[in-house]
Structures are given as C-alpha cells and as structure tokens.
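A.B. asks: Any chance you could fold what I've pasted below:
(one chain, ligands or ions: 1)
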Amino acid sequence: MTVTETSPTSKHARYVLTPWSAQGGLDLPSIERAKGVYLYDDAGKRYLDLASGLVAANLGHGNPAVLRAIAEQAARAAYVAPSLFVGARADLAEQLSELSPWPEGCRTFFTTGGGEANEDATKMARAITGRTKILTAYRSFHGSAPGAGTLTGESRRWPNEPATLPGVVRFFAPYPYRSPFNTTDPAIECERALEHLELVLTYENPQSVAALLIEPIVGTNGVVVYPDGYLQGLRKIASRHGIVLIFDEVMTGFGRTGYSFASCRFGVVPDAMTFAKGVTGAYVPLGGVMLRESLAKHFDTRPLGCGHTYSGHPVAMAAASAAIRVYQDERLFERARTIEGWLQEGLSELAERIPEIGDVRGVGAFFSLEFVKDRSTREPIVAWQGPQPGPLPALLGALRRHGVCTFGRFNVMMVAPPLIVTREELDEGFAALERAMKETFHDA
Ligand SMILES: Cc1ncc(COP(=O)(O)O)c(C=O)c1O
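C.D. replies: The predicted model follows:
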C-alpha cells in the first residue's frame with residue numbers, strides 16, 4: 001500500500017532514489033521549468049544553473065531549434081532498431097567526423113551515456129589490439145556502472161570493488177596544485193609524471209596494454225588542467241607501444257574548453273574519443289565512441305562486439321544534429337573563450353575576499369574552486385575522499401538559498417555555466433557565491 005504524497009518534494013523523497021546520497025533528510029528543490037540559464041522550482045523560485053546541470057546543458061534550456069528537431073523526429077520515426085540504417089544517424093555521424101581532430105575522419109558508435117561509451121571504447125581497443133590491460137588515472141571519473149566504475153580512479157569506484165572488470169591498472173597524472181611528484185614546477189611535474197607512467201608500463205608489460213583512457217582535463221574531481229606537454233607526452237608513449245589512446249571527452253567536449261573538443265584546444269590527437277552530455281546539450285540522453293577511420297576499418301571484416309537497444313536513437317540523433325548546428329551558428333565554442341576571461345577575472349576577484357579559496361583553475365567555461373583551511377599550507381578544508389563531507393553541502397545549500405545551483409565534491413566546487421551565459425548573469429552568480437561563502441565559512 002502506498003500513502004499519497006502531495007508536494008513534488010515529499011513525493012520525490014518518498015519514491016525516488018537519488019544518486020550518491022544517503023536518502024534520509026535530503027532537502028532539495030523540485031525543478032519544474034527551465035529557460036536560458038535559469039531553473040525554476042515548484043514555488044517559482046529562480047536558480048542560476050552555474051554548472052549546466054552536470055556540465056551538460058551547454059546550450060542553456062529551452063532552445064527552440066533543438067526542441068523543434070526533437071518534436072519533428074519523434075513524429076517522423078521516434079525509434080528505429082540500431083540494426084537498421086537511419087538518415088538522422090548518418091547525418092550526425094558525418095557532423096561528428098567533420099568536428100573531429102582526425103584529417104582522415106572517424107566513425108561513431110552511439111551509446112546512451114558517457115560511462116557506457118567508455119566501456120565500449122575499451123572493448124573496441126581490446127578487440128583491435130588483441131591485448132587486455134587498460135591504463136587509467138587516479139582522480140579520474142569515467143562513469144559509475146560496474147565496468148565504467150572500475151575504470152574510474154577515485155572513491156566512486158569503491159562500491160564496485162572487488163573490481164568486476166579485470167586488467168585495469170592505474171597511474172598518477174599531474175596535479176600541479178598538489179603534486180604527486182613533489183614539485184611546484186609544472187615542467188618538472190610533467191616530466192616526472194611521464195617517467196612514472198613509463199615505469200608503470202615497464203612493470204605491467206607494455207605489450208599487454210590495449211588502451212590508455214584519460215580525461216584530457218580532469219572533470220568532476222576538480223577541473224585539473226595538465227601542464228603543457230603532458231598530453232603530447234601521452235600521445236608519444238601510446239604510439240611507441242602500440243596502445244590505443246582514448247580521450248574521455250564526456251565533459252570536455254562540445255565547447256566546454258572553447259573548442260569542439262579538448263583535443264583540438266591542446267592540439268593532441270588521440271585514437272578514439274568518448275562523448276555524451278553536451279552533444280545534445282543534454283536535451284535527451286546520448287553518448288558515443290568516435291573511432292578514427294584507420295582503426296574503425298578493423299571492424300570492416302570483423303564483427304563489432306557492442307550493441308544497445310538505444311544505440312543511435314533517432315530522437316537523440318536529431319537533437320544532437322540540431323545542437324551542433326546551434327553551436328556552430330551562434331559560435332558558442334568561440335564564446336566559451338570569452339567566458340573564460342569573465343570566469344578567470346570574477347573568480348580571482350572573489351578569491352581576494354574569500355581566503356578559503358586556495359585555487360581558481362580552468363579553461364573555457366569549465367572552472368573549479370578548491371577550498372583550503374590555510375592558503376600557505378594548502379591544507380584542504382576537508383580530507384579528499386575522507387569520511388566527512390565537510391562544509392560543501394552547507395555551501396551548496398546556502399547557494400541555492402541565494403538562487404544558484406552547482407555541485408562539487410569534498411573541497412572542490414564546479415563553475416561551468418551554459419555557453420550562452422552573459423556577463424551580467426555571471427556577475428549575479430559571483431555575488432551569490434560571495435554571500436554564500438561568507439555565510440558558510442565566516443558566519444558559521
Ligand atoms: C569525464 C566523464 N566521463 C564519464 C562520465 C559518465 O557519463 P554518464 O553519467 O553519462 O554515464 C562522466 C559523468 O559525469 C564524466 O564526467
């Protein structure tokens with residue numbers, strides 16, 4: 001028997017399991033409407049969407065061209081099995097090939113999200129190389145289901161342990177603010193990180209490694225931008241050992257960094273890229289693996305061992321094609337480079353008044369703040385991956401009271417607005433950040 005719940009919030013708490021949370025005592029708004037950079041709850045309160053949801057709603061909300069494309073495709077053919085051909089699927093795959101960093105182009109396998117794409121990309125690399133091991137970085141996030149969760153290099157992997165995906169080996173990548181390689185010099189950090197990876201490979205047998213999977217900029221674990229030369233160094237190591245280099249562009253793709261993909265921003269060409277989130281501007285779920293043409297040929301004579309009911313769902317294809325046209329027509333990738341200047345300036349000014357901000361970092365419209373107890377020692381405001389959540393949940397709650405939604409983990413918080421955000425809207429966000437931080441860190 002069920003008790004009828006009346007308000008959307010109490011009904012949600014009663015019937016929905018919310019991710020990554022103990023379910024008791026959740027106090028969250030019920031969002032009923034969204035337009036532009038704003039979300040509106042059931043009481044009509046407005047929130048600035050300062051993290052584009054989960055760094056996904058790159059186009060903002062309610063874009064008429066994307067909504068029209070979804071409705072038209074749903075009316076024309078809402079679902080076609082992936083074992084048949086569909087024009088909308090071919091069109092999107094062609095657009096992706098044109099956006100890709102490969103002069104030879106690429107072919108795309110579509111999935112429903114990012115984690116699934118990472119699992120499929122590693123399966124493809126294993127099939128192509130005939131090898132089994134997969135290298136991933138600590139402090140990475142590649143998804144949460146058992147396979148992608150095992151590829152992940154932080155505490156959201158732990159519920160999957162013991163690992164269900166054998167052969168995953170992890171290494172430390174650079175983290176200039178808290179170097180795992182005992183240096184404050186980014187060039188030395190880069191050199192030591194590459195030497196460390198070579199050493200790991202020596203012990204693992206490079207001939208057994210199928211793929212190296214990495215976020216070209218660390219995403220939810222604090223927007224860590226690698227020092228110059230690191231991704232280039234990975235490219236060289238992968239080529240030398242015949243390892244398939246996969247960039248997880250689930251968060252960095254579709255304009256976040258000011259370019260179609262981070263690989264284009266940094267001028268480093270991987271062998272495959274996974275994507276999701278921004279490909280449709282999050283209007284409908286979609287992910288995929290882009291495989292450079294020279295590797296995709298492998299599957300001309302051998303079956304591709306991947307498939308999902310919703311692979312290449314026509315409505316998702318139409319949404320993504322329309323989203324890419326909007327990115328291009330409104331020059332939103334370039335716009336993210338303008339937003340980069342606004343974020344760098346606004347967040348650095350905020351750091352002058354909030355001593356708990358230890359580091360402001362990011363590129364494009366993709367930034368994070370890292371909080372410390374003491375700037376000189378860089379002691380984190382709460383232990384990373386420790387048992388205590390620290391002050392972040394209270395800070396996120398204070399921000400919501402001041403009309404801003406974002407997210408974070410332990411001592412890092414994301415600032416990644418939709419690429420349509422204006423300077424005035426961001427200023428409103430900075431003012432709310434300052435008020436919420438003062439209340440949480442200073443008045444408590
Ligand atoms: C870099 C990265 N890879 C993979 C994923 C997982 O994507 P999904 O949640 O669509 O499975 C995420 C999600 O945040 C991500 O940030």
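
A.B. asks: going forward, measure contacts between C-alpha atoms and count neighbours the same way
C.D. replies: Noted.

A.B. asks: In this structure, spot the strand with the most residues.
C.D. replies: If each strand of the chain is counted by residues according to DSSP state E, the longest one is strand 366-374.

A.B. asks: right, and the helix or strand after that one?
C.D. replies: strand 379-380 (DSSP states H and E).

A.B. asks: elements contacting that following strand?
C.D. replies: The contact analysis (3 or more CA pairs under 8 Å, 6 or more residues apart in numbering; DSSP states H and E) places strand 379-380 against strand 366-374.

A.B. asks: before we move on, back to that, state the mean pLDDT of the longest strand of the chain.
C.D. replies: Averaged across strand 366-374, pLDDT comes to 98.

A.B. asks: Show residues contacting it.
C.D. replies: The contact list for strand 366-374 (CA atoms under 8 Å, 6 or more residues apart in numbering) reads 222-223, 256-257, 340, 343, 355-362, 378-382, 411-417.

A.B. asks: Among those, which lie within helices?
C.D. replies: Mapping the contacts of strand 366-374 onto helices (DSSP state H) picks out 340, 343.

A.B. asks: Please identify the pairing partners of the longest strand of the chain and their relative orientation?
C.D. replies: Strand pairing for strand 366-374, using DSSP bridges, gives strand 357-363 (antiparallel), strand 379-380 (antiparallel), strand 412-415 (antiparallel).

A.B. asks: picking that back up, please pick the buried ones from the contacts of strand 366-374.
C.D. replies: 222-223, 256-257, 340, 343, 356-362, 378, 380-382, 411-417 (16 or more other CA atoms under 10 Å).

A.B. asks: for this structure, which residue is closest to the average position?
C.D. replies: residue 251 (2.4 Å; CA atoms, centre = their mean).

A.B. asks: so it makes contact with residue 52?
C.D. replies: No. At 10.9 Å, residue 251 does not count as touching residue 52 under the criterion of CA atoms under 8 Å.

A.B. asks: sec struct for residue 13, please.
C.D. replies: Following DSSP: H, G, I helix; E, B strand; the rest coil, we place residue 13 in the helix state.

A.B. asks: got it, and residue 288?
C.D. replies: Residue 288 ends up strand, using three-state DSSP.

A.B. asks: And for residue 181?
C.D. replies: Assignment for residue 181 (three-state DSSP): coil.

A.B. asks: Local confidence estimate at it?
C.D. replies: pLDDT, residue 181: 97.

A.B. asks: what's the neighbour count on it?
C.D. replies: 18 (other CA atoms under 10 Å).

A.B. asks: likewise residue 84?
C.D. replies: 6.

A.B. asks: Run through who's touching stretch 74-84.
C.D. replies: Taking CA under 8 Å, 6+ apart as the rule, stretch 74-84 contacts 86, 307, 308, 309, 310, 311, 312, 313, 314, 315.

A.B. asks: Among those residues, which pair sits farthest apart?
C.D. replies: The two members of those with the most space between them (CA to CA) are 307 and 315, at 17.7 Å.
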